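1. how does the following fold in three dimensions:
(one chain, ligands or ions: 2)
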Amino acid sequence: MINRQGQIESVIIGNDHELEIPHLSRTRSGLRLLRGVRLVHTHLKNQPLTQDDLTDLALLRLDLIMALGVGKAGGLQDVYVAHNVANSSKEQGYKQLQPCAFQSFEMNCHDFILSLEQDIFKGCQVSKEGIREGRALLVSVGTGHVAFQQERLDELQELVRAQDVEVLGCVTQRPGSIHPKYVVGSGKMKDLAIQALQSGADLLIFDQDLTPAQVRGISEITDIRVLDRSQVILDIFAKRAHSHIGNIQVELAQLRYRLPRLAQSSTAFSRLAGGIGTRGPGETKLETDRRRIRERIQHLERDLTSIEQGRQEQRKRRVKRGLPVVSIIGYTNAGKSTLFNTLTASDVSVKDRVFETLDTVSRSWRLPNLGEIILTDTVGFIRDLPRDLVAAFQTTLQELQEADVLIHVIDAHGVNPEQHITAVEQILVELGLQDIPCLRFFNKGDLIDLETMQGLCSRYEGIGGSALEETSLQVIQHKMSHLLLTLQKPMSHFQEVQTITMHEDVPSAHRIG
Ligand SMILES: Nc1nc2c(ncn2[C@@H]2O[C@H](COP(=O)(O)OP(=O)(O)OP(=O)(O)O)[C@@H](O)[C@H]2O)c(=O)[nH]1
Ligand SMILES: [Mg+2]
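-> Numbering: from 1, shown residues only. Ligands and ions are numbered 1, 2, ... in the order given. All right, here's what the predicted structure looks like:
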């Protein structure tokens with residue numbers, strides 16, 4: 001291995017068909033530059049560069065790779081050279097020079113590498129949209145329906161974008177079966193790693209949930225950060241959490257998720273490394289880290305329990321007062337908060353992005369014939385909600401237990417409203433909320449034609465409209481009044497409710513969370 005100054009950095013002794021390259025430090029200065037060392041090695045049977053050579057070149061971002069072919073008589077015969085290229089759209093990320101007889105071979109390696117690096121750097125400069133937190137290649141590995149896989153991948157893009165990560169490309173893999181260690185075969189995984197490097201990605205994000213062992217296996221091959229969908233969702237929650245309880249729940253979910261994966265970060269060395277510098281004291285540190293995380297988890301759990309007790313008291317008081325509670329639920333970005341704002345003349349944050357709302361917010365809502373009731377806006381759902389998140393968000397989700405009626409908001413303009421309905425209803429079952437009466441509201445009616453809306457409404461026995469238009473919401477109010485009146489609760493509850501003076505019993509901006 002020879003560095004840019006022409007000095008020999010290391011001498012590697014291999015056998016007649018392979019060599020083991022020692023651990024190389026990670027990419028310099030965070031920019032997608034070359035490694036600063038070139039590999040010059042012998043090929044004892046004068047063979048051209050092998051696929052393994054070219055993979056090493058790309059994966060390790062070597063300045064270049066050179067094989068000196070040994071002829072039959074034992075002298076040097078031909079020289080084979082390959083280098084990385086700048087253009088990421090090319091299928092191959094490297095270029096092989098014409099083989100040349102050793103005697104006539106001439107190359108100014110230093111200048112060649114510098115100009116190559118300049119080209120590569122130009123191709124990888126940060127896009128005009130601004131500095132992003134990362135550049136990711138998304139990967140979906142599936143054996144199910146193609147259309148479904150694509151839809152999930154689109155959703156993953158949304159999730160990743162919500163974190164200000166630039167999506168450089170999406171790759172769909174459809175293996176016969178899921179490889180236990182790498183999800184796809186190791187050959188395919190190497191191709192993926194090369195593709196990620198060529199496109200300038202520093203993150204590989206999988207749509208599938210990966211086991212800690214898979215994250216480890218893939219990181220070892222690719223040498224870049226590997227994330228799965230759950231982690232992306234957890235990170236979004238972490239970014240969006242503002243309230244005290246929101247922060248506790250998110251941190252708890254993150255720590256529980258991280259604990260079994262802790263070993264991964266300290267062993268994420270180059271695939272060829274064999275663990276140099278990662279054993280010994282590293283093990284002890286790992287144990288300390290684990291213990292600290294466990295202690296922190298216990299601490300957060302205690303905090304959460306005491307908050308939970310306080311909330312139960314609060315709930316009991318409300319139940320005693322007999323105020324009916326209606327909770328708005330639904331898939332993330334369906335328009336729940338918009339509906340909440342229009343119905344209660346509030347101004348909770350509404351944005352065209354996933355998981356804008358994390359904390360439950362309750363306000364009073366006046367219904368014809370009933371008077372004031374409590375309307376609650378809640379955190380959005382998504383299919384395959386990470387388990388750690390559901391577990392940690394129990395306190396927030398339990399708020400839903402007290403709802404007398406749910407309004408399930410569905411984005412009628414979305415790609416697949418049916419899938420979203422199924423996902424949400426599945427989560428309701430998991431939370432034991434399936435028996436609460438539910439009114440389905442197909443939202444964003446202004447964006448679809450009447451016929452489609454009527455089809456959805458009749459198929460799902462729902463009502464349609466737009467959360468942005470007050471007039472289209474009168475039908476919700478009437479339906480809701482009717483629903484609440486037909487519930488088992490005695491009429492007296494509602495009469496009682498009508499006489500309540502708001503500032504005494506239900507602050508008009510009563511905020512939970
Ligand atoms: N055209 C149209 N856009 C709507 C309608 N309702 C909501 N939106 C838009 O949809 C996006 C999401 O709205 P939110 O109300 O934040 O959705 P949410 O369900 O609360 O989302 P999360 O809190 O992130 O789960 C925003 O850009 C809204 O302006 C509607 O009826 N018509
Ligand atoms: Mg919202």
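2. doesn't Gln249 lie inside a strand?
-> No - read with DSSP: H, G, I helix; E, B strand; the rest coil, Gln249 is helix and lies in no strand.
3. contacts only, for the residue of the stretch 101-250 of the chain found nearest ligand 1.
-> Closest residue of the stretch 101-250 of the chain to ligand 1, Cβ to the nearest ligand atom: Arg240 (8.5 Å). C-beta: built from backbone N, CA, C; applies to glycine. The contact partners of Arg240, taken as Cβ atoms under 8 Å, 6 or more residues apart in numbering, are 246, 355-356, 358.
4. between all of the residues you listed, which two are at the greatest distance?
-> Largest separation among the contacts of Arg240 by Cβ to Cβ: Gly246 and Glu356, giving 12.7 Å.
5. model confidence for the nearest residue in space to Val11 that is not next to it in sequence, exactly?
-> Excluding the flanking residues, the one nearest Val11 by Cβ to Cβ, 6 or more residues apart in numbering is Met1, at 8.0 Å. You'll see Met1 listed with a pLDDT of 91.
6. check Val85 too.
-> For Val85, the pLDDT comes out at 82.
7. tell me, how many residues neighbour it?
-> Using other Cβ atoms under 10 Å, Val85 has 17 neighbouring residues.
8. my read: it touches Lys95, true?
-> Yes - using Cβ atoms under 8 Å, Val85 makes contact with Lys95 at a distance of 5.1 Å.
9. contact partners for the nearest residue to Gly465 once chain neighbours are set aside?
-> In this structure, Gly465 finds its nearest non-sequential neighbour in Ser472, 3.5 Å apart by Cβ to Cβ, 6+ apart. By Cβ under 8 Å, 6+ apart, Ser472 lies in contact with 445, 465-466.
10. distance of Ser472 relative to Ser346?
-> 18 Å (Cβ to Cβ, to the nearest Å).
11. and the residue in the stretch 201-350 of the chain that ligand 2 sits nearest to, what are its phi and psi?
-> Per Cβ to the ion, Ser337 is where the stretch 201-350 of the chain lies closest to ligand 2, at 3.2 Å. Backbone torsions of Ser337, given as degrees, to the nearest 10, read phi -70, psi -30.
12. now swap in the one 10 residues further on and tell me
-> Reported as degrees, to the nearest 10, the phi and psi values for Asp347 are phi -140, psi 50.
13. for the closest residue to it other than its chain neighbours, which three-state class applies?
-> Among residues not flanking Asp347 along the chain, Asn341 sits closest, at 6.1 Å (Cβ to Cβ, 6+ apart). Recorded secondary structure, Asn341: helix (three-state DSSP).
14. Asn341: neighbouring residues, count only.
-> 19.
15. what pLDDT does it get?
-> If you check Asn341, the pLDDT there is 96.
16. contact distance from ligand 1 - what residues of the stretch 201-350 of the chain qualify?
-> Listed as neighbours of ligand 1 in the stretch 201-350 of the chain under the rule Cβ under 6 Å from any ligand atom: 330, 332-338, 350.
17. surely Ile194 meets Leu59?
-> Yes - counting by Cβ under 8 Å, Ile194 touches Leu59, with 6.3 Å between them.
18. residue contacts, Cys170?
-> By Cβ under 8 Å, 6+ apart, Cys170 lies in contact with 137-140, 153, 157.
19. so it belongs to a strand, correct?
-> Yes - assessed by three-state DSSP, Cys170 belongs to a strand.
20. identify the bridge partners of it.
-> Note on Cys170: beta-bridge partners Leu138, judged by DSSP bridges.
21. run a quick neighbour tally on Ile221.
-> The burial count assigned to Ile221 is 19, neighbours taken as other Cβ under 10 Å.
22. for Gln474, that is, sorry about that
-> Counted with other Cβ under 10 Å, the neighbours of Gln474 add up to 12.
23. please confirm that it is located within a helix.
-> Yes - Gln474 sits within a helix when classified using three-state DSSP.
24. per-residue confidence at it?
-> 89.
25. how near is it to ligand 2?
-> Distance, Gln474 to ligand 2, by Cβ to the ion, to the nearest Å: 22 Å.
26. and what of Val139?
-> Relative to ligand 2, Val139 is positioned 29 Å away (Cβ to the ion).
27. ok, now Asp154?
-> Distance, Asp154 to ligand 2, by Cβ to the ion: 20 Å.
28. and what about that residue, helix, strand or coil?
-> From three-state DSSP, the assignment for Asp154 is helix.
29. same question for Ala201.
-> Per three-state DSSP, Ala201 ends up coil.
30. then Gln77?
-> Gln77 ends up strand, using three-state DSSP.
31. how far away is the nearest residue to His242 once chain neighbours are set aside from ligand 2?
-> If the residues on either side of it in the chain are set aside, His242 comes closest to Asp359, at 6.8 Å by Cβ to Cβ, 6+ apart. Distance, Asp359 to ligand 2, by Cβ to the ion: 10 Å.
32. same thing with Val11?
-> Look at Val11 and ligand 2: by Cβ to the ion, they are 61 Å apart.
33. helices of the stretch 101-250 of the chain, start to end?
-> Remark: helices assigned in the stretch 101-250 of the chain by DSSP state H, counting those that start in this stretch are 109-123, 146-161, 186-198, 212-222, 229-240, 244-258.
34. is it possible to get JSON lines of those that adds distance to Lys479 and mean pLDDT?
-> Listed next are the helices of the stretch 101-250 of the chain as JSON lines, based on distance: least, Cβ to Cβ, whole Å; pLDDT from 0 to 100:
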{"stretch": "helix 109-123", "distance to Lys479": "57", "mean pLDDT": "80"}
{"stretch": "helix 146-161", "distance to Lys479": "30", "mean pLDDT": "91"}
{"stretch": "helix 186-198", "distance to Lys479": "50", "mean pLDDT": "81"}
{"stretch": "helix 212-222", "distance to Lys479": "47", "mean pLDDT": "84"}
{"stretch": "helix 229-240", "distance to Lys479": "31", "mean pLDDT": "89"}
{"stretch": "helix 244-258", "distance to Lys479": "31", "mean pLDDT": "90"}
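35. in stretch 451-467, what's buried?
-> Within stretch 451-467, the residues that count as buried by 16 or more other Cβ atoms under 10 Å are 452-453, 456-457, 460, 462-467.
36. next one: it, is it in contact with ligand 1?
-> Yes - shown here: stretch 451-467 in contact with ligand 1 (Cβ under 6 Å from any ligand atom) through 466-467.
37. what sits up against that stretch?
-> 335, 338-339, 342, 408-410, 412, 417, 421, 439-446, 472-473, 475-476, 479.
38. how long is it from one end to the other?
-> Using Cα to Cα, to the nearest Å, one end of stretch 451-467 lies 19 Å from the other.
39. so for it, mean pLDDT?
-> Average pLDDT, stretch 451-467: 95.
40. quick one: contacts for Gly176?
-> Contact analysis of Gly176 by Cβ under 8 Å, 6+ apart lists Thr143.
41. and the gap between it and ligand 2?
-> When distance is defined by Cβ to the ion, Gly176 is 41 Å away from ligand 2.
42. what values do phi and psi take at that residue?
-> phi -60, psi -40.
43. now do the strands in the stretch 351-500 of the chain.
-> 361-367, 371-377, 405-411, 438-443, 463-464 (DSSP state E, counting those that start in this stretch).
44. okay if I get the ones you listed as a markdown table plus distance to Gln314?
-> As requested, the strands of the stretch 351-500 of the chain are arranged in a markdown table below (distance: least, Cβ to Cβ, whole Å):
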| stretch | distance to Gln314 |
| --- | --- |
| strand 361-367 | 11 |
| strand 371-377 | 12 |
| strand 405-411 | 20 |
| strand 438-443 | 24 |
| strand 463-464 | 32 |
